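Q: give me a model of this one.
(one chain, ligands or ions: 1)
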Amino acid sequence: MITCENLVKIYKTADIEVMALQGLNLQVEQGEMMAIIGNSGSGKSTLLNMLGGLDRPSAGRLTIGGIDMQKLTDKELTRYKRETVGFIWQNKARNLIPYLTARENVEIPMLLHDRKKKRERAIELLEAVGLGHRINNRLEQLSGGEQQRVAIAISLANRPKLLLADEPTGALDTRTSAQVMGLLRKLNADLGLTIVIVTHDLDLAKQVKRVVAIRDGRTSSEMIRRQDEYTTAESAPADGEADDTHVEYAVMDRAGRIQVPEHYLEAVGAKNADKVLLRLEDDKIVLLPADNVK
Ligand SMILES: Nc1ncnc2c1ncn2[C@@H]1O[C@H](COP(=O)(O)OP(=O)(O)OP(=O)(O)O)[C@@H](O)[C@H]1O
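A: Okay, here's the model as predicted:
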């Protein structure tokens, strides 16, 4: 569904240039629900904006559902935003109008012209997100979790193929957040929607099978849930960063480059080194501080 190859995004302001994406590679399969995790400033929102057609990459290749995003005209990009992709933002003000009812909020972005059909579809969507009993309540009368479910109904209004969620549970308590994640999982399973969730919350991210970590505008590692079709505890690398639910793999690009986790380098005293020693030992590649020459 999504292929990012060597994606670069440079923001130019009056006197500085920020390279928010520095050659990012990412593949998301059709019908997959995955999470992207990273610290503040790592490039998550920048990537989401590219995927949503809100901004264009400076270099590299981005294809979504077979569409080469760089080749789209402004008009085609507007159509892509309205018809192919749905957004859920953490900031509710970006999704919702408080003085309108749930149904009216869901009707706003709809491309249908027939008022009756609009109304029917809005009700159907609100029922699908478990809000059939709140259709005529104004948004300000709903709880945070209910409001976020309205936002999800809105994002589905134009039957998107790809759903992008930026910290979708950021403003919710643990229980409500679990309900919203459950709903996203259900939509993924029932409608085959491809869902990309961006978050800095590892616990939230781990509720999905695959979590890709971004560091300095590049994918650095990937966590894949144990005991599913992708991997099993037995096939997990013995030395890998692992926990109860997911196994962490370092991402390697075509040139064989990997990003060594900072705490690994620290552990062997090579944190600020500009080179390290690599040795091939039987079936292992061993990384040593450069001054370890014997
Ligand atoms: N419009 C912009 N103009 C200039 N620099 C920008 C712009 N948007 C983002 N940046 C910079 O690009 C880098 C990546 O930002 P981005 O918002 O993608 O990070 P993030 O991982 O989403 O962070 P957060 O979790 O805090 O939202 C940061 O250094 C940021 O300051």
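Q: enumerate the residues of the stretch 51-200 of the chain near the ligand.
A: Counting by CB under 6 Å from any ligand atom, the stretch 51-200 of the chain comes close to the ligand at His200. Every C-beta, even on glycine, is put in place using the N, C-alpha and C of the backbone.
Q: need the contact list for Leu142.
A: 102, 134, 150 (CB atoms under 8 Å, 6 or more residues apart in numbering).
Q: out of the residues you listed, which are inside helices?
A: Those of these mapping onto helices are 102, 150, per DSSP state H.
Q: closest one of the contacts of Leu142 to the ligand?
A: Val150 (23.3 Å; CB to the nearest ligand atom).
Q: list the contacts of the closest residue to that closest one other than its chain neighbours.
A: Leaving aside its sequence neighbours, Val150 sits nearest to Ala102 (CB to CB, 6 or more residues apart in numbering; 5.0 Å). When contacts are counted by CB under 8 Å, 6+ apart, Ala102 touches 126, 131, 134-139, 142, 150, 153.
Q: for PyMOL, write the select line for the buried members of those.
A: Selecting just the buried residues from those in PyMOL takes one command, with 16 or more other CB atoms under 10 Å as the test:
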select buried, resi 126+131+134+135+139+142+150+153
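Q: I'd like the contacts of Ala102 as a markdown table, with secondary structure appended.
A: Compiled in a markdown table, the contacts of Ala102 are given as follows (DSSP: H, G, I helix; E, B strand; the rest coil):
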| residue | secondary structure |
| --- | --- |
| Leu126 | helix |
| Leu131 | coil |
| Arg134 | helix |
| Ile135 | coil |
| Asn136 | coil |
| Asn137 | coil |
| Arg138 | strand |
| Leu139 | helix |
| Leu142 | coil |
| Val150 | helix |
| Ala153 | helix |
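Q: may I see the buried residues of stretch 144-160?
A: Going by neighbour count (16+ other CB under 10 Å), the buried part of stretch 144-160 is 145-158, 160.
Q: inside helices: which ones of these?
A: Assigned to helices by DSSP H, the following of the buried residues of stretch 144-160 qualify: 145-155.
Q: turn the residues you listed into CSV, columns for pLDDT.
A: Listed next are these as CSV, based on pLDDT from 0 to 100:
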residue, pLDDT
Gly145, 87
Glu146, 90
Gln147, 91
Gln148, 88
Arg149, 90
Val150, 92
Ala151, 91
Ile152, 91
Ala153, 92
Ile154, 92
Ser155, 91
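Q: mind putting those residues into TSV with distance to Pro261?
A: Formatted as TSV, those follow (distance: CB to CB, whole Å):
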residue	distance to Pro261
Gly145	35
Glu146	40
Gln147	38
Gln148	33
Arg149	37
Val150	40
Ala151	35
Ile152	34
Ala153	40
Ile154	39
Ser155	34
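Q: counting by contacts, list what the helix or strand Thr46 falls within packs against.
A: In the assignment (DSSP states H and E), Thr46 maps to helix 44-51. The elements that helix 44-51 packs onto, with contact taken as 3 or more CB pairs under 8 Å, 6 or more residues apart in numbering; DSSP states H and E, are strand 2-12, strand 17-28, strand 33-37, strand 59-64, strand 162-166, strand 194-199.
Q: what's it in contact with?
A: 2, 4, 7, 9, 20-21, 24, 26, 36-38, 55-57, 62, 64, 69, 85, 162, 164, 166, 196, 198, 200, 214, 217.
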